[in-house]
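J.: Here is a sequence with its predicted model. Questions after.
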Amino acid sequence: AFYHDAIYEPESPANERASARLARKDLQALGWEPERIDHVVAMIEGTKTHLDPPDADGATLFDADLAILGADPHVYDGYVEAVRAEYRHISDTDWDLGRAAVLQAFLDRPNIFATAGGRQRWERSARTNIEREMTLSRRGDEGA
């Protein structure tokens, strides 16, 4: 988990790969076994899509990474504002289209969270937050 988003540049599509490479390099220098390193790398790279976690460790990391989706609405709204600020280099139109696609992809999944605990704790509130964000975004489009 320490290496997840160790390298994060909003304009780069390769953050997970770069973070995984950094983890591999550092863990090799520490003398970790190759199997353990491969395990860490697979989990980090998996956070690009949060699909098909390799095992329970990966599922837990994925859920921790997505937990903000199920936060209290005011916390979630602050997160959305922060993400938008990170992606300020993207036009409003492109942001709205890209964000809608990401959010819809989460809603289209049978489950957003990979673990039973994550589903129990955050699934309902995550879907509510995402649906609310999409509704508010559409209202903003109608007013433009």
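T.: It's in.

J.: Ends of stretch 109-129, what's the gap?
T.: End-to-end distance for stretch 109-129, by Cα to Cα, to the nearest Å: 15 Å.

J.: From the contact counts, what lies against the lengthiest helix in the chain?
T.: Here the longest helix in the chain is taken by residue count, with DSSP state H as the criterion, and it is helix 124-143. For helix 124-143, the elements it packs on are helix 73-86, helix 92-108, judged by 3 or more Cβ pairs under 8 Å, 6 or more residues apart in numbering; DSSP states H and E. Every residue, glycine included, has its C-beta placed from N, CA and C.

J.: Now mean neighbour count and mean pLDDT too, for those, in CSV please.
T.: Supplementary listing: the helices and strands packed on helix 124-143 in CSV, determined by neighbours: other Cβ atoms under 10 Å; pLDDT from 0 to 100:
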stretch, mean neighbour count, mean pLDDT
helix 73-86, 13, 96
helix 92-108, 13, 95
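
J.: out of those, which comes closest to residue 2?
T.: If you check each of these against residue 2 by Cβ to Cβ, helix 73-86 wins as the nearest, at 20.7 Å.

J.: returning to what we had before: let me know which of the helices and strands packed on helix 124-143 is the nearest to residue 121.
T.: Of all those, helix 73-86 sits nearest to residue 121, with 14.2 Å by Cβ to Cβ.

J.: which other residues reach that closest one?
T.: Taking contacts as Cβ atoms under 8 Å, 6 or more residues apart in numbering, the residues outside helix 73-86 that touch it are 10, 68, 69, 71, 95, 128, 129, 132, 133.

J.: Now for those residues: which two are most distant?
T.: In terms of Cβ to Cβ, these reach their longest pairwise distance at 10 and 128, which sit 26.3 Å apart.
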